[in-house]
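Asks: Return atomic coordinates for the entry below.
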Amino acid sequence: MGRIVGFFCRWCGYTAADLAGVARRPLPVELVVVRVPCTGRVDPELVLEALQQGAAGVLVVGCRRGDCHYVSGNLEAEKRFKLLRLLLCQLGMEGRFQLQLISPSEVERLVEAAWQMVFQLRQGMPGRG
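Replies: Purely as a prediction, here's the structure:
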């Protein structure tokens, strides 16, 4: 299986990933985290480009609704990614993208989402169990 590109909001997703390390809750080695200022700044074209360049999946992690440090960046991301999901579904790639909105303290939720994505992608890859 290839890499999973993770676009993580610096305020929530990246902080949760950092706290996961402190708590010795490992994230999958397949996950390559890219810190972004806000999920509202992640253009769907970046997701498509990552998949086109060979990423097995893309995980975008931002702040919970109402907690965005830029007021509505996470809500803008949700709108954009709703359309992206429809496109990926039409292309037969629906399982290769996830958007998670979490707080920095939801370490377990982040770890679970990352490992679940790895599991799902492995199940969908030919020759994998």
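
Asks: Which neighbouring elements make contact with whichever strand or helix holds K79?
Replies: According to DSSP states H and E, K79 maps onto helix 73-90. Using 3 or more C-beta pairs under 8 Å, 6 or more residues apart in numbering; DSSP states H and E as the contact test, the elements touching helix 73-90 are helix 44-52, strand 57-62, strand 97-101. (C-beta placed from N, C-alpha, C; glycine too.)

Asks: V71 versus the closest residue in space to R35 that isn't next to it in sequence, what's the distance?
Replies: Residue nearest to R35 in three dimensions, not counting chain neighbours: Y14, with 4.7 Å by C-beta to C-beta, 6 or more residues apart in numbering. Per C-beta to C-beta, to the nearest Å, Y14 is found 19 Å from V71.

Asks: Show me which of those two is the more surrounded one.
Replies: Y14 (19 against 11; other C-beta atoms under 10 Å).

Asks: Surely that one is in contact with V33?
Replies: Yes. Y14 is in contact with V33 according to C-beta atoms under 8 Å; the separation is 7.0 Å.

Asks: shared neighbours, those two?
Replies: F8 (C-beta atoms under 8 Å, 6 or more residues apart in numbering).
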